[in-house]
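> What follows is a predicted protein model with its sequence.
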Amino acid sequence: MRAVTLPKIGTFEAWRDAARGLLAAGIPPENVLWSRGTPERDLFADPLPALPPGQVTVPKSFVSLAQQVIWHRDPERFARLYAVLWALRENRRLLEDRGDPRIDRLNRMAKEVGRDKHKMTAFVRFREIGDREAPRRRFAAWFEPSHFILEPSTAFFAKRFGDMDWSIFTPDLSAHFEDGRIRLDEGAPRPELPHDATEDLWRTYFRNIFNPARLKVKAMQAEMPRKYWHNLPEAELIPELVAEAQSRARHMAEQAPTLAPARAARVTERLRAEMATPPPVDDRETLEAGLAGCRRCPLWEQATQVVPGEGPLDARLMIVGEQPGDREDLEGRPFVGPAGQLFDQVAARAGLDRRAAFLTNAVKHFKFAPRGKRRIHQSPGRAEVQHCRWWLEQERALVRPDLILAMGATALESLTGDRRNLLARRGRIENLADGTPMLVTVHPSYLLRLPPPERAEAEALFEADLRDAARRVA
Amino acid sequence: MNAMAKLSVSEKLAILSDAAKYDASCASSGGQRRDSRDGSGIGSTTGSGICHAYAPDGRCISLLKILMTNFCIYDCAYCVNRVSSNVQRARFTPEEVVDLTLEFYRRNYIEGLFLSSGIIRSPDDTMADMVRIARLLREEHRFRGYIHLKTIPDAAPELIEQAGLYADRLSINVELPTDRAVKDYAPEKNPDQIRRAMADVRVMKEARKEQSYTGKRPRRFAPAGQSTQMIVGADGARDMTILKTSTRLYSSYRLKRVYYSAFSPIPDSSAALPLIKPPLMREHRLYQADWLLRFYGFDVDEIAQGTPDGNLDLEIDPKLAWALANRHVFPVDVNRADRELLLRVPGIGAKTVGRLLATRRHRTIRYDDLRRMGANLKQARPFLTALDWSPRGLDAADLRARFAPPPEQLQLI
């Protein structure tokens, strides 16, 4: 029988060294007696001989598991870890078996330690013990964890409270952070910490952030178990808050509505007058105001905003696309998404000045289907194109372009009522009912969907169409 | 105004935390990891957030959640701070907010600040004051803890941009699920403007994700993203309407969370909106459905299958309701089914599915393994098969009754 006594500080490293040695010496788990702190001599225990430092490789997940389990209060923890380490020699993938009782046990212990550590980061309450004006202020806390978790928790507090000195006392050990250095020391009985006025403010906050109409005492206790209450300054309020809750909620419900204060009517009246629609400034504003309030079809419900046409009202060229996409919907401007960027590139090569043209869409709201964090573009239906055509006609009446460039089938459908045979019609001029000439081409998003070899060819044709349009309005 | 000058910080804190408690969000998770280990400041964020206390309403207290002021020129019927309410008014100075945040933080009471405000004078003035508080914390006091700012939808985009550079999270509450309801109960709010503000936040965030050609990383914008809240039970909207609005918001603006807040009695309520007992179970079911949408591969129409009247079943959870309405899919073989199908089994969560898939690579799963892997077998049992388990009674007419709680006598508020 080997007896191994591990120190209270640096327990994990000591266990790891001992386990390496025992493993190298081939000593099976049943022949080792583990303990922590001052050793009590076991009658059957041999003193531990110097063991050769062993080279042991284990799965990474075992190390992180052991680093949690080691702080558990269960006296068997060291032995259980060593037993699994021993078994890992035979079965390297043992840890992946979440049904194995030994692994299950270690995982549950790790979870308990993890929860205790988490609750410590949550429920430690510092009181100020030094001069408020000092360059480094001093704070101290008393905490009673369920497991031996002070050592692995100090890093959290050191990272969080970097510019102040603090001490945390627990029955087992104490931790001190002074001028950026962490020091662990023996435990202490609960120290007398001076009164801290900020605790009264904290209790004021706790009392008032509580909503008495939603009493859920069990939910509170599940997350903030009673064992922590006696070290939480706010917990002394809980019995009273619980007792009063129902009558406070009933009182709110029973109270008749009061008369609004006199100033309310004045404020509301002034505000609503400001909100009333301002008178139109010129035609474009009327058009855009009308568009913003458009409810002709239900697309507005899903969209962020309407995307009106953009460009000078005296433009000689009007370019009509399909509908706003994801980016256009967010920014409120046409042709700013991937298809718009491609359009800009090709237009630049073709000598077409985007800023001189009036760019718009056949449909002014984005139609899509939500898929998790994405919005999938959906082609507008016949009815939506029909409803929105009214707006395209308003824009045409305002701009009265010499040439319209129709990009894609939806634009064609809106302008001519017929979306068929796009590829056969592209590159040609058609005259609209009022005599305006219309040049047909594809939509740039069509190019984005093509595989590279076909795309180069189609993009060249698109470029030729844009060059043609630019030439005709030059 | 004179009466206000006499209020102490403690009195203001009482008024302005009471005014903030109807906002459900208190999360401090997500985003950037920071710390002050080098001693040059105070605070850290670990990425997962900590609840430092729980109030008897079961809600987590993670942040100092306060209003800068509860003066407000809007008249939203559901809100305790509306202009027509007679609640006592107060206003913090920026320095008071900064001081409270830091002193609470140093004592480990909180993870940071969640600052909201009534609308005073103009939206821009209000937003500018909030940005000032965040800047004081970050720049003067080198505060590295969590900051959540409520953005005022009508404020200038430049102010919202600055807010995003100081804050971890931004939020704008849509409050009501339909534009119609906003018009009825929050007549001064403009749903179009709220959507545009959310779109702006997404665009600003994404613009700062792209590295510039010099390879320099731009300052992170709201690293913990944006969220919103909807009040449940104030207007007549059904659960499916609410969930459809949520899916639209998630997909359009990449929201981190949509919070559902059961409409809860407020002091000095409005005649326009009679008080009800807060529909806490409905709120809970909406959160469950929201989780199914985001982490379990369900879509709204599937959730709607188990809900003939457009509202979620209050007695059983939405996943179980879907399973009962789709019994032909079950039983699922835990040793063969793919992840998508395993996620559909009631009583089996995403973590358990992960453990099942890992263990399955080495051996066949038995009934007892499932318990150790964290399955809720009372729910899962009828819907799965394992090496030593096959269920009976999946077709039984009374299967639902076995899960639903016994009928309770109706109770008045």
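Thanks, I have the structure now. Numbering: from 1, shown residues only, chains lettered A, B, ... in the order given.

> where exactly do the strands run in the stretch 101-250 of chain A?
Here the stretch 101-250 of chain A has its strands, by DSSP state E, counting those that start in this stretch, at A:127-128, A:138-142, A:165-169, A:173-178, A:181-186.

> Now the second one - C-alpha only, PDB.
Presented in PDB, the C-alpha positions along strand A:138-142 are these (Å, rounded to 0.1, in the frame of the first residue of the first chain):
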ATOM      1  CA  ARG A 138      -8.700  47.700  -0.800                       C
ATOM      2  CA  PHE A 139     -11.600  45.200  -0.500                       C
ATOM      3  CA  ALA A 140     -12.200  42.000   1.300                       C
ATOM      4  CA  ALA A 141     -14.800  39.200   1.300                       C
ATOM      5  CA  TRP A 142     -15.700  36.100   3.200                       C
END
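
> per-domain residue ranges of chain A.
Domain assignment for chain A by automatic domain parsing gives A:2-120, A:124-186, A:198-251, A:283-472.

> re the thing from before, columns mean pLDDT, mean neighbour count and distance to B:Arg91 on top of the strands of the stretch 101-250 of chain A, output as TSV?
Any C-beta I mention is one placed from the backbone N, CA and C, and that applies to glycine too. Formatted as TSV, those follow (pLDDT from 0 to 100; neighbours: other Cβ atoms under 10 Å in any protein chain shown; distance: least, Cβ to Cβ, whole Å):
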stretch	mean pLDDT	mean neighbour count	distance to B:Arg91
strand A:127-128	97	20	27
strand A:138-142	97	21	30
strand A:165-169	97	22	34
strand A:173-178	96	18	37
strand A:181-186	94	11	42
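
> Output the residue of the stretch 1-150 of chain A whose distance to chain B is smallest.
Nearest residue of the stretch 1-150 of chain A to chain B: A:Gly99, at 3.3 Å (Cβ to the nearest Cβ).

> hang on, that residue in a strand?
No. Secondary structure assignment (DSSP: H, G, I helix; E, B strand; the rest coil) places A:Gly99 in coil, not in a strand.

> JSON lines for the strands of the stretch 101-250 of chain A, including distance to A:Arg80?
Below are the strands of the stretch 101-250 of chain A laid out as JSON lines (distance: least, Cβ to Cβ, whole Å):
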{"stretch": "strand A:127-128", "distance to A:Arg80": "38"}
{"stretch": "strand A:138-142", "distance to A:Arg80": "31"}
{"stretch": "strand A:165-169", "distance to A:Arg80": "28"}
{"stretch": "strand A:173-178", "distance to A:Arg80": "23"}
{"stretch": "strand A:181-186", "distance to A:Arg80": "25"}
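
> before we move on, back to that, B:Arg366 is in contact with the residue of the stretch 1-150 of chain A closest to chain B, correct?
Yes. With contacts counted by Cβ atoms under 8 Å, A:Gly99 reaches B:Arg366, the gap being 7.1 Å.

> Which one of these two is surrounded by more residues?
A:Gly99 (20 against 16; other Cβ atoms under 10 Å in any protein chain shown).

> How about the more buried one: what's its closest non-neighbour residue?
In space, not counting the residues next to it along the chain, A:Gly99 is nearest to B:Asp369; the distance is 3.3 Å by Cβ to Cβ, 6 or more residues apart in numbering or on different chains.
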